[in-house]
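Undergrad: Any chance you can model this:
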Amino acid sequence: MNTIGIKDVALRAGVSIATVSNVLNRPEKVARGTRQRVEDAIDVLGYVPNLAARQLSGSRGSMVGLVVFDVRNPFLTDIARGAEDLLHAEGRTVMLCNTDVLADKEERYLQLLAQQNAAGVLITPADLNSHWLEGLRARGLRVVLLDNAETYPDVCSVAVDDVAGADSAITHLLARGHERIAFITGPMHMRQSKDRLAGSRQALERAGRPAEVLRIVEAGAFTVDQGRRAGEQLLTASERVTAVFCANDLLALGVMQTAFRAKLRVPDDLAIVGYDDIHSAATAGVPLTSVHVGGYDLGKAAAELLLDEDRPGHTHRRLVFPPRLVERNST
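TA: Residues are numbered from 1 along each chain as shown. Now for the predicted structure:
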């Protein structure tokens, strides 16, 4: 049986071999109509690109890796959709990778993406540091951080101003007279946890409240289950809090479930604020007050920054999106 090659695709589509190569490796450089003819020829002929040959040639593929810490998180799903919509329109494909905030798991995915000659990576790092960034560059991977990377000006990043968002949440609770507040977050080494704790403390300091007003609970992950466990921990404490600020909505929904099981009234007995403003926040048993951030727009912006790396005159940029508090019945 004869093997279908790139020459056969070029002949059927009526284009040069170089054009077919561009469609496979740099589709953004090919006019939409021409690209469609080549893709139709590939489909009709059943042509399968030789990945090994493309790797040896050093050409960069059309795949973009989206590496996040929990694909179950609706906010990260919104980011993924925003990135995928823009990249698909540019002829790119997206490989979604879930790390569970495990450095070893993240490393395996990054190694795979490098082996596949991925066009780049959009990533929420398990542990952001200079050595880690140098390792990505050594692999030849372009990268855009989904992280508030203010100390890394030599890489593009997209994030939300989590300090300001947390500040608005705690300020909101203080304005309603709460003096015993809990802050529940996921792993404390993550940038999101650090920034949201800093914003909480900033609000307390500005209001002249002592730091002891805030009780910090570190959960194992940003999930509903971990929120339930954190809620149980708070409700069995000797001194009850009257309000809870959670570093994401899944944690907040878990706390709310625990409160309901304990026959507590929300917000009369316990006020709850979340973060991210996912779709289910507004439809919870008691609609959840939450800090809104635009995950879809953030994902699109990250993808655009990655594509911009190939354009003349590209400069690294750090885009920080402003959050806003959405008040609902839970407070």
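Undergrad: residues of whichever strand or helix holds D167 that come out buried?
TA: D167 is part of helix 162-175 when elements are defined by DSSP states H and E. Under the neighbour-count criterion of 16 or more other CB atoms under 10 Å, helix 162-175 has 162-174 buried. Placement of C-beta: from N, CA and C, glycine included.
Undergrad: which residue ranges form the strands in the protein?
TA: All strands of the chain, identified by DSSP state E, fall at 63-68, 93-98, 120-123, 143-145, 156-160, 181-185, 214-218, 243-246, 271-276, 289-292, 318-321, 324-326.
Undergrad: Quick test: name the residue nearest the centre of the protein.
TA: Nearest to the geometric centre of the chain sits L76, at 4.5 Å (CA atoms, centre = their mean).
Undergrad: Now do the helix holding D167: which elements does it pack against?
TA: strand 181-185, helix 191-206, strand 243-246, strand 271-276, strand 289-292, strand 324-326 (3 or more CB pairs under 8 Å, 6 or more residues apart in numbering; DSSP states H and E).
Undergrad: Could you dump those into TSV with mean pLDDT and distance to E28 added?
TA: Output for the helices and strands packed on helix 162-175, formatted as TSV (pLDDT from 0 to 100; distance: least, CB to CB, whole Å):
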stretch	mean pLDDT	distance to E28
strand 181-185	98	39
helix 191-206	96	31
strand 243-246	98	40
strand 271-276	98	31
strand 289-292	98	32
strand 324-326	98	34
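Undergrad: got JSON lines for the ones you listed, with distance to T124 and mean neighbour count too?
TA: Output for the helices and strands packed on helix 162-175, formatted as JSON lines (distance: least, CB to CB, whole Å; neighbours: other CB atoms under 10 Å):
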{"stretch": "strand 181-185", "distance to T124": "15", "mean neighbour count": "25"}
{"stretch": "helix 191-206", "distance to T124": "9", "mean neighbour count": "20"}
{"stretch": "strand 243-246", "distance to T124": "18", "mean neighbour count": "29"}
{"stretch": "strand 271-276", "distance to T124": "13", "mean neighbour count": "28"}
{"stretch": "strand 289-292", "distance to T124": "18", "mean neighbour count": "25"}
{"stretch": "strand 324-326", "distance to T124": "22", "mean neighbour count": "15"}
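Undergrad: To R215, which of these lies closest?
TA: Distances from R215 to each of these were compared using CB to CB; the minimum, 4.5 Å, belongs to strand 181-185.
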